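A.B. asks: What would the 3D arrangement of this be:
(chains A and B)
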Amino acid sequence: MSILVNKDTRVICQGVTGKVGEFHTRGCLDYGTRMVGGVTPGKGGETVAGLPVFNTVAEARDATGANATMIFVPPAFAADAILEAVGAGIELVIAITEGIPVLDMARVLPVVKDSASRLVGPNCPGVITPGQCKIGIMPGYIHTPGHVGVMSRSGTLTYEAVWQLTQLGHGQSTCVGLGGDPLVGSSFTDILALFQADPGTHSILMMGEIGGSAEEEAADFVKRHVTKPVAAFIAGRTAPPGKRMGHAGAIISGGKGTAEAKLAALRDAGIEIAESPADMGAAMVRAIERRT
Amino acid sequence: MKIHEYQAKDLLRAAGVPVLAGRVAATPEEAAAAFTALGTPVCAVKAQIHAGGRGKGQVPGSGQRGVELAKSSADAARIAKGLLGNSLVTAQTGPEGHVVRQVFVESGCGIDRELYCAVLVDRRAGSPVLIASTAGGMDIEEVAARTPELILSEPFDPDRGLAGWQARLLASRLGLPTASWRHAESFFRRLCAAFVALDASLLEINPLVLTKDGALVALDAKMTFDDNALFRHKDVAALRDADEEEPAETRAAAAGLSYVKLNGTIGCLVNGAGLAMSTMDLVKYHGGEPANFLDVGGGADVNQVTEAFRIILSDKHVKAILVNIFGGIMRCTTIANALIEASKTVGFTVPLVVRLEGTEVEEGKKILAASGTTIITADGLTDAARKVVAAAKA
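C.D. replies: Below is the predicted model:
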């Protein structure tokens, strides 16, 4: 079992004819993902990586039965691409694009909320259910099928955590990259609810970072609704206030979003804390052992 | 991206938000002329730097405040002279302060009371929000922490804007006289519209002033923009003041790198923002002090890595460098070759500790070992951190 994606997920790529879109479409195909097509307006009829290209998402969905999309459309057009996917009724919309204006996302989120679609990202590495389906830019080989659900606001930090888990002999049920932007489609809380309900997920590892209050909300949710062992790491303990740390969302402003506040909330919810980034996998193991 | 107060007020004036008349001056003579031209009995002379807390801030030595009232043109010239070319230290600048290159001479007004308002994007609501408070002129963060009930907030849809009733609700809750409500409605709605039209990320008016004749005026204005949206606001992008930015950060941005200067001795070069932040944390956890945040991104090439090293080494406090790469899409062999190439061109003066993991890691390590460079390789994060901290202290 897993969440969001599995071996039956039928995936298209929006922006498939771009260099990056094509590269990662091939990477997903190599991993075994059921890629069924791509979309680039005006390039319908072409073929990329052996897949048919369509002009619109609606046409791609009708022809291929796609139920998930991976978006690599450039930032200026990405919000429209997300809305197109939602409009076409695609169930899972994964936006990889980095650099979408935040007010564009403020326009997109209410539309997603009122639809049956789920949005993951933007500015995220994607979603992977090891051995079954990879949608995104993560290196597939570091993952192993198993029972730890992983979620994070950061890409390479997730790879680090997954690698540590794999080396410790703990495979992953599904790994979800939430994205580093201030406004994203899915929060820790949304994914926690899915992991809690998934029988294939036995424990949960989350990587948060400074900025916003998503980690505090996650801690509150864990306290009230999650019975599975949870471990967490917060990046940016040493980051100074007022400075944006790469991600648009990773900034301490107005005394809010500090690592200390987040760690305190997580500890209060009984979550095992990784004190150093080298300790993420081990913290998950400690959380699991504490219960057994 | 941040801009100066006088620039923000130009943008607000153009958007129909009431601001006072004012002129920017780069010399005491210009400040005196501005005072005369404005023709009001009192003017405020305000240092223009990209940091708040100017009113309480001062120039070390002279004690000149960052904002002072002038009652004559000679007065304006004296204040400008005390500020221009000097460093102003405020609660937000750090001990070195910011050099004042311009002052804003602004006409006065009769103040009935001071309020606060700001527009920003609320992550929880997923939309922009107008925040207002009766606690004007004060440190709003303190107000939020101590008396959150004094902070009012109204979320609004970016395309529909703030509704008239929302503006009236705020006016009522702020205790504004009913005669001023139409001013408030116009002020708040135009402020929110300007925020959206300009793709701002913060628009803060502190204080927002109720004048003695019942109008609302933005007495101060702080504006920050969404860097990701600057591509559609060339006029705003042109307001960038490179003098106010850390030169190394500007240089990094030009090379497609994300760099933030810190105060430690261990330079960090990492791929990915989350891992870069974590690497700083790791260094600190093992007793070192990071000198910077640096994310080379997912697809860095030899040129970017070389430039990254140059930027890190331009900080004279750096005693050792830690390279931490988790090769995903970026192969470890690519980064190993880039490291060797960069070490030849840059010429390292400090120890370099490299930790590689991920795609083609074994080949990458072999390349480094065979290179004959003095690169110190590390196995795992903890080993890397210990080695770099030891190297920096040696």
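
A.B. asks: In the stretch 151-292 of chain A, what residue lies closest to chain B?
C.D. replies: Going by Cβ to the nearest Cβ, chain B is nearest to residue A:154 of the stretch 151-292 of chain A, at 2.2 Å. (C-beta placed from N, C-alpha, C; glycine too.)

A.B. asks: thinking that residue is in contact with residue A:236, fair?
C.D. replies: No: counting by Cβ atoms under 8 Å, residue A:154 does not reach residue A:236; the two are 9.8 Å apart.

A.B. asks: quick one: common contacting residues for these two?
C.D. replies: A:209, B:277 (Cβ atoms under 8 Å, 6 or more residues apart in numbering or on different chains).

A.B. asks: Comparing the two, which residue is more hemmed in?
C.D. replies: residue A:154 (33 against 29; other Cβ atoms under 10 Å in any protein chain shown).

A.B. asks: Please read off the pLDDT at residue 256 from the model.
C.D. replies: All of this refers to chain A. With respect to pLDDT, residue A:256 has a value of 72.

A.B. asks: my bad, the chain I had in mind was chain B
C.D. replies: pLDDT, residue B:256: 85.

A.B. asks: To what extent is the closest residue to the residue of the stretch 151-292 of chain A closest to chain B other than its chain neighbours buried, counted in neighbours?
C.D. replies: Nearest in space to residue A:154, with sequence neighbours left out and distances taken as Cβ to Cβ, 6 or more residues apart in numbering or on different chains, is residue B:274 at 2.2 Å. Residue B:274 has 32 neighbours, counted by other Cβ under 10 Å.

A.B. asks: so what does the helix or strand hosting residue B:274 touch, helix or strand wise?
C.D. replies: In this structure, residue B:274 is located in helix B:273-285 according to DSSP states H and E. If you count contacts as 3 or more Cβ pairs under 8 Å, 6 or more residues apart in numbering or on different chains; DSSP states H and E, helix B:273-285 packs onto helix A:155-167, strand A:203-209, strand A:230-235, strand B:266-270, strand B:292-295, strand B:320-327, helix B:380-393.

A.B. asks: mean confidence score for it?
C.D. replies: Mean predicted confidence for helix B:273-285 is 93.

A.B. asks: That helix to strand B:320-327, inter-axis angle?
C.D. replies: Between the axis of helix B:273-285 and that of strand B:320-327 there is an angle of 140 degrees, by axes from the mean of the first three to the mean of the last three Cα atoms, to 10 degrees.

A.B. asks: Kindly report the domain assignment for chain A.
C.D. replies: The record's domain parsing of chain A by automatic domain parsing lists A:10-120, A:138-291.

A.B. asks: Out of those domains, name the one with the poorest average pLDDT.
C.D. replies: Taking mean pLDDT as the measure, domain A:138-291 is lowest among the domains of chain A, coming in at a mean of 92.

A.B. asks: chain center to that one: distance?
C.D. replies: For domain A:138-291, the separation from the chain centroid amounts to 11 Å (computed by Cα atoms, centre = their mean, to the nearest Å).

A.B. asks: and the end-to-end length of it?
C.D. replies: The first and final residues of domain A:138-291 sit 31 Å from each other (Cα to Cα, to the nearest Å).

A.B. asks: all strands of the stretch 151-292 of chain A, in order?
C.D. replies: A:172-177, A:203-209, A:230-235, A:272-273 (DSSP state E, counting those that start in this stretch).

A.B. asks: can the second one be found next to chain B?
C.D. replies: In this case it means strand A:203-209. Yes: against chain B, strand A:203-209 shows contacts by Cβ under 8 Å from any Cβ of the partner chain at A:207, A:209.

A.B. asks: give the contact list for the residue of the stretch 151-292 of chain A closest to chain B.
C.D. replies: Neighbouring residues of residue A:154 by Cβ under 8 Å, 6+ apart: A:177, A:180, A:207, A:209, A:235, A:247, B:272, B:273, B:274, B:275, B:277.

A.B. asks: returning to that earlier point: what about the helix holding residue B:274, distance to the chain center?
C.D. replies: 21 Å.

A.B. asks: Pull that helix out as PDB, backbone CA atoms only.
C.D. replies: The C-alpha coordinates for helix B:273-285 follow below in PDB (Å, rounded to 0.1, in the frame of the first residue of the first chain):
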ATOM      1  CA  ALA B 273      18.200  25.000  -0.200                       C
ATOM      2  CA  GLY B 274      17.000  22.600   2.500                       C
ATOM      3  CA  LEU B 275      20.300  20.600   2.500                       C
ATOM      4  CA  ALA B 276      22.200  23.900   2.500                       C
ATOM      5  CA  MET B 277      20.400  25.100   5.600                       C
ATOM      6  CA  SER B 278      20.900  21.700   7.200                       C
ATOM      7  CA  THR B 279      24.600  21.800   6.400                       C
ATOM      8  CA  MET B 280      24.900  25.200   8.300                       C
ATOM      9  CA  ASP B 281      23.000  23.600  11.200                       C
ATOM     10  CA  LEU B 282      25.400  20.600  11.100                       C
ATOM     11  CA  VAL B 283      28.500  22.800  11.200                       C
ATOM     12  CA  LYS B 284      27.100  24.600  14.200                       C
ATOM     13  CA  TYR B 285      26.100  21.300  15.900                       C
END
